[in-house]
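[1] Okay, structure incoming, though there's no sequence with it:
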């Protein structure tokens, strides 16, 4: 999700990408998980790396983790970028249904449907390999880890804590994002975090890929302060 940003951002920053528990190369402890669990993992990693304070960027579930970190460990976050994410889920049943589907059939059968919401039709048609790679990424995510992270999102509602966030906050939204549309998701965050700024890109859910140059420029400028 952050591959296009790594090379340009490393010109000015030390860049650390995190596989949250249950994903990628990280362990898959028994679930369900909470966003607090995921945030605790990030803090433990920062401690291990000797990093007291960082500019944090999070997309989708990673954005939920970022909001939690910024409110509960504000001394660790110098700047916060939240991409295509939400502070709560108006209909949490979508995650209950996703969990049930994965528990019954695994991540493979749902991968194409999930990824169909990540890119606009025009981008998907022009970049079939990007879409295929994303489908493979979802299909290869451990079933237990994926379901446990869905539970974390199902139970997440950070609206009461948004007002406590003091880190300078940039919210990036996709104009055509069906997963976390601007209304109510990005709008709730921007109105809840004091001084938060909204930037809307012509993209669906993975704006960092679909509009990579724009997203990278926004992230770099904001993270540099």
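    Perfect, I can see it now. What you see is a predicted model, and the numbers here were worked out from it, not measured in a lab.
[2] Every contact and neighbour count from this point should use C-alpha atoms.
    Noted.
[3] What helices and strands are in contact with the longest helix along the chain?
    Looking across the chain with DSSP state H, the single longest helix is helix 35-49. Secondary-structure packing of helix 35-49 (3 or more CA pairs under 8 Å, 6 or more residues apart in numbering; DSSP states H and E): helix 61-72.
[4] Check which helices and strands the helix it packs on sits against.
    Helix 61-72 packs on helix 35-49, strand 54-59, strand 77-83, going by 3+ CA pairs under 8 Å, 6+ apart.
[5] okay, the angle between it and strand 77-83?
    With axes from the mean of the first three to the mean of the last three CA atoms, to 10 degrees defining the directions, helix 61-72 sits at 150 degrees from strand 77-83.
[6] Tell me who's in contact with the most far-flung residue of the chain relative to its centre.
    Residue farthest from the centre of the chain, counting by CA atoms, centre = their mean, is residue 104 at 25.3 Å. Counting by CA atoms under 8 Å, 6 or more residues apart in numbering, residue 104 touches no other residue.
[7] list the buried ones in the longest helix of the chain?
    Along helix 35-49, these residues count as buried under the neighbour rule (16 or more other CA atoms under 10 Å): 35, 36, 37, 38, 39, 40, 41, 42, 43, 46.
[8] Can you check what angle separates that helix from helix 61-72?
    Orientation of helix 35-49 against helix 61-72 (the same axes, to 10 degrees) gives an angle of 80 degrees.
[9] For helix 35-49, give the mean pLDDT please.
    Mean per-residue pLDDT for helix 35-49: 98.
[10] Also stretch 200-207?
    The average pLDDT for stretch 200-207 rounds to 99.
[11] likewise stretch 1-16?
    Per-residue scores along stretch 1-16 average to 95.
[12] Can you point out the buried residues in it?
    Buried residues in stretch 1-16, counted by 16+ other CA under 10 Å: 4, 5, 9.
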